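J.: need a 3D model of the sequence below.
(chains A and B)
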Amino acid sequence: MTKKDFLHKLKIELGFHLSSQERQAVIEDYEEYFDSALYEGKTEEETCKQLGDIEKLAKEIIGNDNKKKPIWIRNLTHKINDSCHNVYFINIVTILPLIVGLGLWIKYKGWFFWAYLLHRKIELMYVGPSALGNISFLILAFISLSLACLIWSNRNSSLSRIFQVPFYIGAAVSLGDIGRLLKSLSEPNLFLSSLLRAMIPLLCGIIISIILFFKLTLFQRGGSKNDSTI
Amino acid sequence: MIAQFKKGVLEMAVLFTISKKDTYGYELMKEIKRYFPDTYEGTTYTVLRRLAQDNHVTTYEGKTSEGPKRKYIRITESGVIYLNNMISQWQVLRDSIEELGIQ
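T.: Here you go, the predicted model:
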């Protein structure tokens, strides 16, 4: 591992728990440590090993400095402080429009998401004036953009928070479908069965997310077992 | 070493090392590591940061003709008081332990 990797990973591990100033101070400390070690002729690899497991290191830093404040205040302040650096904040920023957009789009068209996508696949390929005039097309573009942002914002995340994506998609699809179902409230029997059916994408999303989560975490954490004391 | 033992002792050791001579992060880590070989660098940095938060130490940009840019650490007046207080408490503790029969 190089110095750059190390500092980057440390920054991400700290991300959620420290304000950007605090985090910057920590990073500067370790940057200096690296510089001094390199100046003495140590390699970046050796220095990383010397500093040990990043996750443990981050826990140590977070644990000792931040135990006093209740967690929700900490989270809230850091969310505001860190706006664009914070992975979680980016997630919220991108997921909300994703869900709202997808829901709106489905409600507007009154079609099930992928059924509609298949149905109008050919039409969507021609981005002519008529297609651009279509609100649903714009919303779809918006959704794709949100999804791309979401994936992009997660690209370096240590725990690969990308595992949440199927859940969000499932939730959005179900939400849109439920919105559409509200029209059929007058027929209770039909409504209930339709509601259950609308939940299927959500369930699928959750299941895929869980599988992904375990795959990613096991894959990520399986390797390092070099324990240092305290 | 038992973690609870070390948490307090390490703070004293760090502050004492700084009180002897202004130092910078890496040098301090090496010094601490010499006497407490199983100490994790992260822990020492955390202790240092807490001391800085409580204004027991301050930092200043070092002026060295050679080598990388360094942030030197200096003990403050309140740090000296805190250290002396800690040392006297440590001595009381040590005496009590000895009186108990543990050598």
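J.: contacting residues for B:Ser19?
T.: B:Ser19 makes contact with B:Ile75, B:Gly79, B:Val80, B:Leu83 under the criterion CB atoms under 8 Å, 6 or more residues apart in numbering or on different chains. In short, each C-beta sits where N, CA and C put it, glycine included.
J.: the second one and chain A: what is the separation?
T.: Spelled out, that is B:Gly79. Using CB to the nearest CB, to the nearest Å, B:Gly79 is found at 18 Å from chain A.
J.: any idea how far whatever residue of chain A ends up closest to chain B is from A:Met1?
T.: Closest to chain B within chain A is A:Ser36: 3.4 Å, counting by CB to the nearest CB. A:Ser36 is 18 Å from A:Met1, where distance means CB to CB, to the nearest Å.
J.: what does the pLDDT read for residue 95?
T.: I went with chain A, as the question did not name one. Per-residue pLDDT puts A:Ile95 at 66.
J.: hm, I was asking about chain B
T.: Predicted confidence (pLDDT) for B:Asp95: 93.
J.: thought B:Pro68 was touching the residue of chain A closest to chain B, still the case?
T.: Yes - counting by CB atoms under 8 Å, A:Ser36 touches B:Pro68, with 6.2 Å between them.
J.: which one's more surrounded, the two?
T.: Between A:Ser36 and B:Pro68, counting by other CB atoms under 10 Å in any protein chain shown, A:Ser36 is the more crowded of the two (21 against 16).
J.: so what's that one up against?
T.: Counting by CB under 8 Å, 6+ apart, A:Ser36 has contacts B:Tyr24, B:Gly25, B:Tyr26, B:Glu27, B:Gly67, B:Pro68, B:Arg70.
J.: any idea which element it lies in?
T.: If you go by DSSP states H and E, A:Ser36 is part of helix A:20-39.
J.: who's in contact with residue 35?
T.: Chain wasn't specified; assuming chain A. Contacts for A:Asp35 (CB under 8 Å, 6+ apart) come out as B:Pro68, B:Lys69.
J.: right idea, wrong chain: chain B
T.: Contacts for B:Tyr35 (CB under 8 Å, 6+ apart) come out as B:Ala13.
J.: state the distance from it to A:Val26.
T.: Applying CB to CB to B:Tyr35 and A:Val26 gives a distance of 24 Å.
J.: need the pLDDT of residue 53.
T.: I went with chain A, as the question did not name one. 83.
J.: the intended chain is chain B.
T.: 85.
J.: tell me the domain ranges of chain A?
T.: Listed by automatic domain parsing, the domain ranges of chain A are A:3-82, A:87-221.
J.: which element, helix or strand, includes B:Thr59?
T.: Per DSSP H and E: strand B:57-61 holds B:Thr59.
J.: residues contacting that strand, please?
T.: Identification of contacts with strand B:57-61 by CB under 8 Å, 6+ apart yields B:15, B:18, B:48, B:51-52, B:69-76, B:79.
J.: what residues of that strand count as buried?
T.: B:Val57, B:Thr59 (16 or more other CB atoms under 10 Å in any protein chain shown).
J.: flag every residue of chain B that's near chain A.
T.: Within reach of chain A by CB under 8 Å from any CB of the partner chain, chain B has these residues: B:1, B:3, B:6-7, B:24-27, B:29, B:38-43, B:45-46, B:48-50, B:53, B:67-71.
J.: now, those residues that are in helices?
T.: B:3, B:6-7, B:25-27, B:29, B:41-43, B:45-46, B:48-50, B:53 (DSSP state H).
J.: which members of the residues you listed define the maximum pairwise distance?
T.: Among those, the pair separated by the greatest distance (CB to CB) is B:Ala3 and B:Glu27, at 24.7 Å.
J.: who has more neighbours out of the two?
T.: B:Glu27 (16 against 10).
J.: need the helix or strand of chain A with the lowest average pLDDT.
T.: Every helix and strand of chain A was ranked by mean pLDDT, DSSP states H and E. The lowest is helix A:129-132, at a mean of 40.
J.: list buried residues within the contacts of B:Ser19.
T.: B:Ile75, B:Gly79, B:Leu83.
J.: need the residues you listed in a markdown table (columns: pLDDT and secondary structure).
T.: Shown next, in a markdown table, are the buried ones among the contacts of B:Ser19 (pLDDT from 0 to 100; DSSP: H, G, I helix; E, B strand; the rest coil):
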| residue | pLDDT | secondary structure |
| --- | --- | --- |
| B:Ile75 | 93 | strand |
| B:Gly79 | 93 | helix |
| B:Leu83 | 94 | helix |
